[in-house]
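Engineer: Generate a structure from the sequence data that follows.
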Amino acid sequence: MSETTEPNVGTFTLTGPLTTAPAEPVEVPDHAEWPLPNGFAWVFPADDNTTGGLVRPVIMADGFSLGRSELDKTYQGLESDYEFISELRRRGRDVILLGFEERSASILDNAEAAKAAIMRAIAEQIGDARLVVGGFSMGGIVTRYALAEMEARSMDHRTALYFSYDSPHRGASIPIGVQAFSHFIPFPNDFARQMDSPAARQMLWRHYDKDTKKIGVAPERTEFLDALNEVGGWPMIPHKIAVANGRADGIGLPDVPPGEVALRIDRIYPGTTFYTQAQGDDVTAAYLNRRWPKAEETVPTSGFPEVDGAPGGTLHTYKILADAMKRFGATVDLRHEEVCFVPSVSAVAIRDVETQKDLYTPIDELDPVESELDECFCSPTTTAHTAITEELCTWLMDRLPN
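Structural biologist: Predicted structure coming up:
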């Protein structure tokens, strides 16, 4: 470490199960690859498909991270805890994994890859079975926009079913203090690039601006929501379904109470402390400190709900951060490894996330027609964001069109 600066600890990114190499690697079978505008796709025919073309295509889009999609990791994540791709292929579905050249690029840019994948699938299809199109996390938002835009332009997407898997339809949450810390590191770094990327600005319900240090709705999110509304908000032709990794009963993360220390760092960035999000005005979300070049910053929030402990798909945000700091010699006091990333109400598009009441709404007590989707299903227990579980996958597969 230099004697004049803190180390560049921002060599990591926040990732979920589908973008992390599994403990036990899964062999990826032979597959065709399609080059696409702003992306590419891997094609896995159904077990009983001997036609040489596609018969019943299912397009599944990758989610948010930094850099080019690593579809080998995506495939392995979809086959590790529950063999989702294998079961789809056993059920006679041709699986098309859609990746992006830059996962953190604008959702509108990556929608070009989705539209191209849909048109390529139609062109290579044998028979008249209608498509299934959707995605995981951001991938569900990308395909939602792509299908809606195709309809707005009178393009026949031939899609019978749209699905999303823990996608942030009403916004996602990364703790404000964590966002601020990415820019507090006195070097350009991957973590800051991820937090300030177009996709992050479009998806996060609240964003920390590195230049003004203000917290609010990013202009890119407003522009994206306007663009989405201009194409109707949702595709209207396909049946629309969604699954959420969070619970439906309004019970959040009981081990993540508001206003507590989540992580404290020492030796490097000494005394830097992150707190679980609490309600109220001028609430300290984080205290940031560095020795060289000397600086300190208190990051306050006002009017926030208790979003870190809300019902939803979780991300090991503080564990990822703590592990990165330890690699550079820090000592850490890690008290809360994970927090809510995609609230359940957001994943099933039934409430916004701005208020405590809406965020903790018991979804299972609401009339299903209040959702913007035709059908939705929440995990019986809290699970990690985009974790592939038998309950969620079986519910989804049981709704595939015949």
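Engineer: how far is stretch 340-348 from where the chain is centred?
Structural biologist: 10 Å (C-alpha atoms, centre = their mean, to the nearest Å).
Engineer: So what's the model's average confidence on it?
Structural biologist: Taken as a whole, stretch 340-348 has a mean pLDDT of 98.
Engineer: same question, stretch 79-95
Structural biologist: 97.
Engineer: how far does it sit from the chain's center?
Structural biologist: In this view, stretch 79-95 has its centroid 21 Å away from the chain centroid, taken as C-alpha atoms, centre = their mean.
Engineer: tell me the centre residue of this protein?
Structural biologist: The centroid of the chain falls nearest to residue 137 when counting by C-alpha atoms, centre = their mean (3.4 Å).
Engineer: can you pull the contacts of it?
Structural biologist: Shown in contact with residue 137 (C-beta atoms under 8 Å, 6 or more residues apart in numbering): 16, 18, 63-64, 165-168, 342, 385-386. Heads up, the C-betas are built off the backbone N, CA and C, glycines and all.
Engineer: same check, this time on residue 162
Structural biologist: So residue 162 contacts 132-134, 143-144, 147, 235, 238-241 (C-beta under 8 Å, 6+ apart).
Engineer: out of the contacts of residue 137, who's nearest residue 40?
Structural biologist: residue 63 (15.5 Å; C-beta to C-beta).
Engineer: Save the contacts of residue 137 as a markdown table, and put in distance to residue 197, neighbour count and secondary structure too.
Structural biologist: Formatted as a markdown table, those follow (distance: C-beta to C-beta, whole Å; neighbours: other C-beta atoms under 10 Å; DSSP: H, G, I helix; E, B strand; the rest coil):
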| residue | distance to residue 197 | neighbour count | secondary structure |
| --- | --- | --- | --- |
| 16 | 16 | 24 | coil |
| 18 | 18 | 27 | helix |
| 63 | 13 | 27 | coil |
| 64 | 9 | 31 | coil |
| 165 | 21 | 29 | strand |
| 166 | 19 | 32 | coil |
| 167 | 17 | 33 | coil |
| 168 | 15 | 28 | coil |
| 342 | 17 | 29 | strand |
| 385 | 17 | 30 | coil |
| 386 | 18 | 30 | coil |
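Engineer: Pick out the lowest-pLDDT one from these.
Structural biologist: Out of these, that is residue 18, at 84.
Engineer: what sits against that one?
Structural biologist: 62-63, 73-74, 77-78, 136-137, 386, 388.
Engineer: The residues you listed in helices, which ones?
Structural biologist: Counting by DSSP state H, these place 73-74, 77 in helices.
Engineer: helices or strands next to the longest helix along the chain in the packing?
Structural biologist: When the chain is parsed with DSSP H, its longest helix is helix 107-123. On a contact count with 3 or more C-beta pairs under 8 Å, 6 or more residues apart in numbering; DSSP states H and E, helix 107-123 meets strand 32-36, strand 39-44, strand 57-61, strand 94-100, strand 131-136, helix 138-152, helix 198-203, helix 219-230.
Engineer: got the angle for the third one vs strand 94-100?
Structural biologist: Per axes from the mean of the first three to the mean of the last three C-alpha atoms, to 10 degrees, the angle that strand 57-61 makes with strand 94-100 is 30 degrees.
Engineer: and strand 57-61, which residues are buried?
Structural biologist: Judged by neighbour count using 16 or more other C-beta atoms under 10 Å, the buried positions of strand 57-61 are 57-61.
Engineer: Mind listing residues that contact that strand?
Structural biologist: Strand 57-61 is contacted by residues 41, 78, 88, 93-98, 114, 117-118, 121, 125, 129, 131-136, 138-140, 142-143, 400 when judged by C-beta under 8 Å, 6+ apart.
Engineer: try 6 Å
Structural biologist: The contact list for strand 57-61 (C-beta atoms under 6 Å, 6 or more residues apart in numbering) reads 88, 93-98, 114, 117, 121, 131-133, 135, 139, 142-143.
Engineer: what do you get for the fifth one?
Structural biologist: When contacts are defined by C-beta under 6 Å, 6+ apart, strand 131-136 is touched by residues 18, 57-61, 63, 140, 143, 158-159, 161-165, 386, 400.
Engineer: roughly how far is it from the heart of the chain?
Structural biologist: Centroid separation between strand 131-136 and its chain, computed with C-alpha atoms, centre = their mean, is 15 Å.
Engineer: Pull out the buried positions in that strand.
Structural biologist: 131-136.
Engineer: just to revisit the earlier point, please pick the buried ones from the contacts of residue 162.
Structural biologist: Using 16+ other C-beta under 10 Å, the buried members of the contacts of residue 162 are 132-134, 143-144, 147, 235, 238-241.
Engineer: Turn the helices and strands packed on helix 107-123 into CSV, including distance to residue 357.
Structural biologist: As requested, the helices and strands packed on helix 107-123 are exported to CSV (distance: least, C-beta to C-beta, whole Å):
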stretch, distance to residue 357
strand 32-36, 42
strand 39-44, 39
strand 57-61, 32
strand 94-100, 36
strand 131-136, 29
helix 138-152, 25
helix 198-203, 23
helix 219-230, 22
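Engineer: so where is the stretch 1-150 of the chain shaky, pLDDT-wise?
Structural biologist: Along the stretch 1-150 of the chain, the model assigns pLDDT under 70 to residues 1-4.
Engineer: Excluding chain neighbours, give the residue nearest to residue 96 in space.
Structural biologist: residue 59 (4.6 Å; C-beta to C-beta, 6 or more residues apart in numbering).
Engineer: Who is the one you found paired with across the strands?
Structural biologist: Partner residues in beta bridges with residue 59, using DSSP bridges, are residue 96, residue 133.
Engineer: Residue 29 falls within a strand, correct?
Structural biologist: No: counting by DSSP: H, G, I helix; E, B strand; the rest coil, residue 29 falls outside a strand, being coil.
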